[in-house]
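> Compute the structure for the input listed below.
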Amino acid sequence: MAANDYLLCIDIGANSIKAAEFSYSAEGEMLLERFAFAEYGGPEGAFADIIDNGATEKLHDALGKIFKENAFQSRKVNVSLSGHNAYIRFVKVPSMVNDEKKIKQIIEFEAKSAIPFEMHEVVWDSQLLNVADDNGEIEAMFVIVKSEEIERVTALVESFGKQISLIEVAPTACYNAARLNGIGDDNCELILSIGDRCSSLLFVDNGRFFVRIIPIAGHAITLQISKEFGISYEEAEEMKRRHGFVALGGAYEEPDSEVAATVSKIVRNVMTRLHGEISRSINIYRSQQKVRKPEKLYLSGGSSVMGFTPRFFSEKLRIPVEYFNPFKNIAISSDIDKERLADIAHMFSEPIGLALRHLMTCPVEISLVPQSLQKYMEFKGKIPYFYASAACLLLCLLVTFFGFSKQLEIANAKKKVAQEFLQKTKNVVSKLRNAESEFNAAKLEYEDASKILNERKRWPNILNQVAAILPDDVWLTRFELSTQGAQRKGAEPARGGGRSGGSPDALFAGFGGGGGAPAAASVDYVSVYLEGHGLVVNNDFSERFTRRLSNSKFFAFNKNTDVIDTLQDGVFMDGTYNVATFKLTLKLVEPIKR
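Next up, the predicted model:
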């Protein structure tokens, strides 16, 4: 089982410690796994006296011995304190339907008026015991313990690495164990727990609960023996355990040992005093509750095992008496020494009652855990949720981190693919650029070669074009290149503007762009200078020349703006003009580089 399925229950009595560890199954079954018993007694053995004297070492050593010798697995601990350390009182408050808050206020007022301490110096709790009676009153119980005692118990237990879950008093724990075993279900029955410093008398009566703490128990017997024999407390305790029993009284023969006879009489005297208190308690209870006489008495506690104790109380109370076996309805582990458990079973009603608080809702549920400790326990109880929240937060962060890392991984993968693609693209671009460079270089070489070829063919083309545009009866005497607007050196300006019948030196003068103003120097040949002669047959010489120049693809000539003026310069043999001389500059469509 998991560690959370275990609970350690410890009853800290005035002279001894009883511990029992229980396991709880998922089906709701409770199993006794381990038990332990240790004494830390002495004349100052009561827990309250240890606190007053500051002598906590004995209790600390006893707890340490128990934890060391037993492999208790549970960290959670329920603790019960002896009734000797508590103030228990029963009160009746007016019934107030559905107003539990006011009932609590009345109980708190009763508690404040009942104790000689300030409320901040004590830890207390209360509980309503039953519904309203015929008088319209509700019976309530409150339990008060000094805060110092609670804090000392808490510190002692937690010093061993344990965590206190519950603190209550032994009488209420014993009552819950009794109800588990069916005690008081049909009749009024008593439980007398005889401890070291006090005896607790419990009335279990059809759901009713009453307890009285009587300060008469084993400690009183030991003190009487010590006083009678003049010995130490430890020697008196040893004598009580060796020779102690309740003297039968009457006509019974005394034991042969004088010591035993004396001790038995002392025991009987103390038991008689205890019986007197029991009888008085019964009378008070019956007068207050208007109930029947108790039908049976159950004995428990360490001092109840002295010989003839059941017989003594049976004779005095005139009712059946037997020992209370709290394990009757408790499952016991097969690993437990049952014979040893049987010897001390009558002292374990309180651990059983503490264990039941973890299993079910009990008839009486008193909690004396201080408010500060309750808050601390609540906080510690939330710590697993804090851890769970932190774990969830961490898990969310891890998931987020994983998601981002995966996205980053995907992005890096895409980046790598993109980089590879980009590198490939760069390589292709580089190859393309190299190919483009090679292409451009080859293109330049081709163009250069083409220009060279074109230049080689250009002159023949120009000459052929010149020959094509000249009329058939015209011949050239001079052909040379010139810059735009320039005139050949040493040549006279053409006398353009004349018409047929004009000066023979000026035939075809004024053709094209000749005769213009000097142009800026240029390294390119942009025009062709022509000189020649032509026969004057009729007057359509200029018209034919113009039509042919307009269709030329080598020379720039506009028939609408450019005019060819002819100059008749020759004379026929019969005395008429028949030869014309012309000087002409034609602008090239594409200049020719030198």
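> which parts of the lengthiest strand in the chain are buried?
Determined from DSSP state E, the single longest strand within the chain is strand 579-593. In terms of neighbour count (16 or more other C-beta atoms under 10 Å), strand 579-593 has its buried residues at 579-588, 591. All C-beta atoms are positioned from the backbone trio N, CA, C, and that covers glycine.
> now do stretch 10-29
For stretch 10-29, by 16+ other C-beta under 10 Å, it's 10-24.
> picking up where we left off before, from the contact counts, what lies against the longest strand of the chain?
With contacts taken as 3 or more C-beta pairs under 8 Å, 6 or more residues apart in numbering; DSSP states H and E, strand 579-593 sits against helix 371-469, strand 524-535.
> and if we set it to 7 Å?
strand 524-535 (3 or more C-beta pairs under 7 Å, 6 or more residues apart in numbering; DSSP states H and E).
> Against which helices or strands is the strand it packs on packed?
strand 474-482, strand 579-593.
> avg pLDDT for the longest strand of the chain?
Averaging pLDDT along strand 579-593 gives 77.
> Check which element follows the lowest-mean-pLDDT helix or strand in the chain along the chain.
Least confident helix or strand of the chain, by mean pLDDT, DSSP states H and E, is helix 47-53 with a mean of 50. Scanning forward in sequence from helix 47-53 by DSSP states H and E, the next helix or strand is helix 57-69.
> in that next one, what counts as buried?
58-60, 62-63, 66-67.
> At which residues are the strands of the stretch 201-350 of the chain located?
Taking DSSP state E, counting those that start in this stretch to define them, one finds strands in the stretch 201-350 of the chain at 208-214, 296-300, 321-323, 331-332.
> Paired strands for the third one, with orientation please.
Based on DSSP bridges, the strands next to strand 321-323 in the sheet, each with its direction, are strand 296-300 (parallel).
> Equivalent analysis for the longest one, please.
Using DSSP bridges, the strands paired with strand 208-214 are strand 199-205 (antiparallel).
> So what touches the strand it pairs with?
83, 170-171, 174-175, 178-179, 183-184, 188-193, 209-214, 216-217, 274, 278, 281, 285, 291 (C-beta atoms under 7 Å, 6 or more residues apart in numbering).
> do the same with stretch 77-88
By C-beta under 7 Å, 6+ apart, stretch 77-88 touches 7-14, 46-48, 115, 141, 143-145, 149, 153, 157, 162-171, 173, 195, 197-198, 200, 211, 213, 350, 354, 357-358.
> Which residue, other than its chain neighbours, is closest to residue 181?
residue 328 (5.3 Å; C-beta to C-beta, 6 or more residues apart in numbering).
> which phi and psi does the one you found have?
Here is the backbone geometry of residue 328 (degrees, to the nearest 10): phi -60, psi -40.
> per-residue pLDDT, it?
pLDDT at residue 328 comes out at 91.
> What count of nearby residues applies to it?
Using other C-beta atoms under 10 Å, residue 328 is surrounded by 12 other residues.
> now residue 280
12.
> ok, it to residue 319 distance?
16 Å (C-beta to C-beta, to the nearest Å).
> cool, and residue 447?
For residue 447 relative to residue 319 (C-beta to C-beta), the value is 139 Å.
> related to what we said a few turns ago, looking at the helices and strands packed on strand 524-535, which is closest to residue 241?
Closest to residue 241 of the helices and strands packed on strand 524-535 is strand 579-593 (C-beta to C-beta; 143.2 Å).
> sorry, back to before: which one's more surrounded, residue 447 and residue 319?
Just comparing residue 447 and residue 319: by other C-beta under 10 Å the higher neighbour count belongs to residue 319, 14 against 11.
> How confident was the prediction at the more buried one?
95.
> show me what contacts it?
294-297.
> Make a ChimeraX selection of the buried ones in these.
Of these, the buried ones go into a single ChimeraX selection, burial set by 16+ other C-beta under 10 Å:
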select :294,296,297
